[in-house]
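# make a model of this:
(chains A and B)
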There are 2 protein chains.
Amino acid sequence: MRVALLISYDGTAFSGWQVQPGRRTVQGVLEEAYRRMTGKEARITASGRTDAGVHAEGQVAVFDAAGPIPADRYAPCFNTILPDDVKVLASARVDDAFDVTGDVVRKTYCYRAYHAPAVLPLRARYAVRLQAEPDLSRMRDAAQLLLGEHDFAAFRAVGFTSRTSVRTIYAVRIERESLICGDEYTITVCGSGFLYNMVRIIAGELFAIGCGKQEGITQAFATGKRECLARTMPPDGLTLCRVEYDRLLFGGIESEHGIF
Amino acid sequence: MRVALLISYDGTAFSGWQVQPGRRTVQGVLEEAYRRMTGKEARITASGRTDAGVHAEGQVAVFDAAGPIPADRYAPCFNTILPDDVKVLASARVDDAFDVTGDVVRKTYCYRAYHAPAVLPLRARYAVRLQAEPDLSRMRDAAQLLLGEHDFAAFRAVGFTSRTSVRTIYAVRIERESLICGDEYTITVCGSGFLYNMVRIIAGELFAIGCGKQEGITQAFATGKRECLARTMPPDGLTLCRVEYDRLLFGGIESEHGIF
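Here you go, the predicted model:
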């Protein structure tokens, strides 16, 4: 029986999703919890790996269950064992043919940053400090250039490849929230899929444009060159918010959450 | 020279504001930073103490400075020494007669809680999990009863006293945010001042009413009895957002932040 899990984690104390010897990873902690729960081994595969420090509101993962536990009971069973920085919000049976990576139709990420006179203790865990105050309207104008289908080859960490670098961006939203001293900015991006570091490169370019850099997106699409774009933002500001498939996996529990 | 500090802290790893032997407290960490910075001792006094686990976006504190550092330079000097869970957002000279506790005209607190099928790793640090889903309109109706000047004697931890228990509540706002699984609720309360545990008791009563408890506020005002009201909520959901005086202390840096 193939079981899908809806998972949230605070990435701060994890060396990313993927199992690595001697490191605390989300996949490692989940697979160890499964072993303790059932006495069996399972490979738990995510919709995509997340880097060290990246958070998730709603990561999706699957595994093939052998034991007698009903699919919807896996969530509470996992949670009695899991630490507080990773929890399973829901579990449900899916088709044996369900491909957690290949069947993704949309993913939504948030990137958070703030401008303030000091590190903000209540924001620093999930947002990155900017050195200057960005101009929101410049950022929003530039974000329009990203919409639609493009070859995002330039929006990828150098040295990484994939079958195709064509992706579709469905929506980008940029919001500002006033803080007692300064402002917090959230960039929300929804797309068909993302290349390695793509959201962090988009966020870096948009914040740089907001802070006065000349727009490099047009040139990046034309040439495919990474150096047209500003530096990659740090991982801690990034949260994987939602992964969508052509059907609802968790009985509608996740359907009411309209990010866009 | 009397210097006021605008301070933010994540209360998770602190045993509250007040210095206690052998404990890590906000006051203790600040006074130690001042010692390392100047080689001198100073008592740093807050607008009010916060309990273990309670956070602050904008606590205000003062001390009497002896050294040659200009008042506005204290913030960056403190921040080079302070850990990331407490930072000084601004510093400014105030009258020698300024009373950081007695001169308060308004304080604003937020209390955050969520209803979800599991502990939420990205919320648990600053919000408390509810066992049931509260009815927002019941909570909002009950919150109206709190507005204005009342004797809040019943809204105080048993065994604590003060000169008077009459306080004025200027505004209460209750908001809901949809999460991928569940909802987060924020109660924002602005008042002339608050008794010990008063915001946590207000939050406990409003959430209990939202979850079906009969309203006990009217009876609590009439009798002054703590037992009319629901249990005190845990400290981790509470954040001191803003402390206001009859003048702006930090050159207007804090004035644009309109909570209400």
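
# burial count for A:L120?
Per other Cβ atoms under 10 Å in any protein chain shown, the neighbour tally for A:L120 reads 24. Bear in mind the C-beta positions are built from the backbone N, C-alpha and C, glycine included.

# show me what contacts it?
Contact analysis of A:L120 by Cβ atoms under 8 Å, 6 or more residues apart in numbering or on different chains lists A:114, A:127, A:129, A:179, A:182, B:8, B:87, B:89.

# and the helices in the stretch 51-200 of chain A, which stretches?
Counting by DSSP state H, counting those that start in this stretch, the stretch 51-200 of chain A has helices at residues A:74-81, A:136-144, A:198-210.

# is the second one anywhere near chain B?
Read that as helix A:136-144. No. For helix A:136-144, no contact with chain B is found by Cβ under 8 Å from any Cβ of the partner chain; the gap never falls below 15.0 Å.

# pull the distance from that helix to the chain's centre.
Here helix A:136-144 is found 22 Å from its chain centre; the criterion is Cα atoms, centre = their mean, to the nearest Å.

# alpha carbons of that helix, as CSV, please.
Extracted C-alpha coordinates of helix A:136-144, given in CSV (Å, rounded to 0.1, in the frame of the first residue of the first chain):
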residue,chain,number,x,y,z
LEU,A,136,8.2,47.4,-3.7
SER,A,137,6.9,48.8,-7.0
ARG,A,138,10.3,48.1,-8.8
MET,A,139,10.2,44.5,-7.4
ARG,A,140,6.6,44.0,-8.6
ASP,A,141,7.3,45.3,-12.1
ALA,A,142,10.3,43.0,-12.4
ALA,A,143,8.2,40.0,-11.1
GLN,A,144,5.9,40.4,-14.1
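
# quick check: bridge partners of the nearest residue to A:L147 once chain neighbours are set aside?
Excluding the flanking residues, the one nearest A:L147 by Cβ to Cβ, 6 or more residues apart in numbering or on different chains is A:I169, at 5.4 Å. Beta-bridge partners for A:I169, by DSSP bridges, are A:G148, A:G191.

# pretty sure A:I169 contacts A:H150?
Yes. Between A:I169 and A:H150 there is a contact at 7.5 Å, judged by Cβ atoms under 8 Å.

# how close does A:R49 get to chain B?
Distance from A:R49 to chain B, counting by Cβ to the nearest Cβ, to the nearest Å: 18 Å.

# now do the contacts for the closest residue in space to that residue that isn't next to it in sequence.
Sequence neighbours aside, A:W17 is the residue nearest to A:R49 in space, at 4.4 Å (criterion: Cβ to Cβ, 6+ apart). Residues in contact with A:W17, defined by Cβ under 8 Å, 6+ apart, are A:25-27, A:46, A:48-50, A:59.

# can I get those residues in CSV with distance to A:V189, neighbour count and secondary structure?
Formatted as CSV, the contacts of A:W17 follow (distance: Cβ to Cβ, whole Å; neighbours: other Cβ atoms under 10 Å in any protein chain shown; DSSP: H, G, I helix; E, B strand; the rest coil):
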residue, distance to A:V189, neighbour count, secondary structure
A:T25, 25, 19, coil
A:V26, 22, 26, helix
A:Q27, 24, 21, helix
A:A46, 19, 22, strand
A:G48, 14, 18, coil
A:R49, 18, 16, coil
A:T50, 15, 25, coil
A:Q59, 16, 26, strand
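
# dump the residues you listed into TSV; add pLDDT and distance to B:A13 as well.
Below are those laid out as TSV (pLDDT from 0 to 100; distance: Cβ to Cβ, whole Å):
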residue	pLDDT	distance to B:A13
A:T25	98	24
A:V26	98	23
A:Q27	98	28
A:A46	98	30
A:G48	95	32
A:R49	94	30
A:T50	96	25
A:Q59	98	27
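
# could you work out the most separated pair of those residues?
Across those, the two members that end up farthest from each other (Cβ to Cβ) are A:T25 and A:G48, 14.1 Å apart.
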